[in-house]
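K.L.:
sharing a model that was predicted from the sequence below.
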Amino acid sequence: MGPKSPPPGSKELFRQELVEMIDIQRPLVKLAALIDWRVFEREWSGFFPSTLGRPALPPRLVAGLLYLQHTYGVSDEVLVERWVENPYWQHFCGETYFQHELPCNPSALTRWRQRIGEEGVEWLLTQTIEAARTGKMVEKRSFDKVIVDTTVQEKAIAHPTDSRLLERVRIKLVKLAKDGGLKLRQNYNREAPRVAVQIGRYAHAKQFKRMRGSLRRLKSIVGRIVRDIERQIVAVPAEGLAELQHRLSQARRLLEQKKDSKNKLYSLHAPEVECISKGKSRTPYEFGVKVTIASTHKEGLVVGMRSMPGNSHDGHTLREALEQVEILTGHRPKEAFVDLGYRGHSAPDDIKVYHSRLKKGITPRLRRDIRRRSAIEPIIGHMKNDGLLRRNWLKGALGDYLHAVLCGCGQNLRLILKKLRFFYALIALAWVARWRERQCKITGLCEMVVCAG
């Protein structure tokens, strides 16, 4: 059932409103006034086709919680706990009175993210751009020039090793065979864990010949279990057959993959994970998905962000990145500044793309703009350190996309709050100056009275 809004004009006589308890000049209060919350009630109403059941949470509450989560970089559980303690967070989410109970169960945010999908999170990012435009922190001509770059959004998985993956899939196959009523010739519950541990010890001691021998033994164990289950799979009940076939396909994929294989499996619970090399000495390989980021050239406002599954070349992602910028901002960029990884790009012909190796037609103004391309690097760093871009806990390829766009929302809100804090500091300084001036006048009047007496 769709969400229901509280009746207009409903007030409690014996409770103090939040606006009377908080400082309305605080940056978060000012930010709440810049966002058009009615958009979410209008655009998210189509996600509730049924009229039965318990009413859903208010859209402003969910949108505010998602904004706060990625602005301050907290988990679902920590988010709802801090919300109860912070009156400014409650005002940001549209509450009239201070609440003493959790706004929702943390699992409700998971269901809301799945419900709104890609379109819903893009509306969240669009409203942060509109809030910056309403607050006059970005101009319309700022969307003419954008900076585009890519990074890796790592998945919440353990570091993949062949021994660990083989042992995990063996455990799952043995358990599913037992649940399905199959009697295996041997389950290797004693030998296989010892072999997996020994592989790690040999690798640590750099005894790679012995390590490879133990790895072959572990593969033989998993292969025997796979063949034993396949011979008896006709006896498995229908309700458990799909899960068993899925695990068997994963086991065969692990047994067949080699060092130079293209379609490797790095995680059993996240098969969409890819191994990406970005040329960094500290982390030669990262396991996750590639994410493209577009920001305005002058202000650093994120105007486009999305995941790019498939580990495609950076230049091949440029067209989709620029198309997203046009959709979210309603303005087609004229110039894009990229690094050397975008050579051989697929951008539209009417958008000029510049990088540091271009020599022809480079004016002093363009040379300065090209040097500013590196301004997107600290933006990525802030999203990973201050936000949640460093590690993605959402499930599947859809979770990769939702998490990337929400991280862009958090970065924009942090940028707007930084500007508002600066204005708030100026107001505080002006108030202190007026207070000191008033004190000086009072002191002067007192001195005059004393002298007259």
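P.N.:
Nice, I can see it.

K.L.:
now do the strands in the chain.
P.N.:
145-155, 274-276, 286-296, 302-308, 335-337, 352-354, 391-392 (DSSP state E).

K.L.:
can you add mean neighbour count and distance to Arg111 and give those back as CSV?
P.N.:
For glycine as for every other residue, the C-beta is placed from the backbone atoms N, C-alpha and C. Shown next, in CSV, are these (neighbours: other Cβ atoms under 10 Å; distance: least, Cβ to Cβ, whole Å):
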stretch, mean neighbour count, distance to Arg111
strand 145-155, 23, 21
strand 274-276, 16, 27
strand 286-296, 23, 23
strand 302-308, 25, 21
strand 335-337, 22, 37
strand 352-354, 18, 41
strand 391-392, 18, 18
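
K.L.:
so which of those is nearest Arg113?
P.N.:
Ranking the strands of the chain by proximity to Arg113 (Cβ to Cβ) places strand 391-392 first, at 12.2 Å.

K.L.:
number of residues surrounding the residue lying closest to Ile157 once chain neighbours are set aside?
P.N.:
Using Cβ to Cβ, 6 or more residues apart in numbering and skipping the chain neighbours, the partner closest in space to Ile157 is Ser267 (4.2 Å). Residues lying near Ser267 (other Cβ atoms under 10 Å) number 17.

K.L.:
give the contact list for Ser267.
P.N.:
Each residue near Ser267 by Cβ atoms under 8 Å, 6 or more residues apart in numbering is listed here: Lys155, Ile157, Ala158, Pro160, Leu165, Val273, Phe287.

K.L.:
low pLDDT regions in the chain?
P.N.:
5-13, 424-433, 435, 440-453 (pLDDT under 70).

K.L.:
can you pull out the helices in it?
P.N.:
Shown for the chain, the helices assigned by DSSP state H span residues 27-34, 38-43, 59-72, 76-85, 87-92, 106-134, 162-179, 191-204, 208-232, 238-256, 318-329, 364-371, 376-385, 396-452.

K.L.:
okay, buried residues for the second one please.
P.N.:
The neighbour-count criterion (16 or more other Cβ atoms under 10 Å) identifies Val39, Phe40, Glu43 as the buried residues of helix 38-43.

K.L.:
name the nearest of those residues relative to Pro87.
P.N.:
Phe40 (21.9 Å).

K.L.:
who touches the closest residue to that closest one other than its chain neighbours in this structure?
P.N.:
Nearest non-adjacent residue to Phe40, counting by Cβ to Cβ, 6+ apart: Pro59, 4.0 Å away. Applying Cβ under 8 Å, 6+ apart to Pro59 gives the contacts Pro3, Trp37, Phe40, Glu41, Trp44, Ser45.

K.L.:
with distance to Ser214 added, can I get the strands of the chain in CSV?
P.N.:
Formatted as CSV, these follow (distance: least, Cβ to Cβ, whole Å):
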stretch, distance to Ser214
strand 145-155, 28
strand 274-276, 23
strand 286-296, 24
strand 302-308, 37
strand 335-337, 51
strand 352-354, 51
strand 391-392, 31
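
K.L.:
of the ones you listed, which is nearest Ile380?
P.N.:
Closest of those to Ile380 is strand 145-155, at 5.0 Å (criterion: Cβ to Cβ).

K.L.:
can I assume Leu52 is in contact with Gly2?
P.N.:
No: using Cβ atoms under 8 Å, Leu52 is not in contact with Gly2; the gap is 10.5 Å.

K.L.:
now do the closest residue in space to Phe47 that isn't next to it in sequence against His403, distance only.
P.N.:
Nearest non-adjacent residue to Phe47, counting by Cβ to Cβ, 6+ apart: Arg115, 5.0 Å away. The gap separating Arg115 from His403 is 16 Å, by Cβ to Cβ, to the nearest Å.
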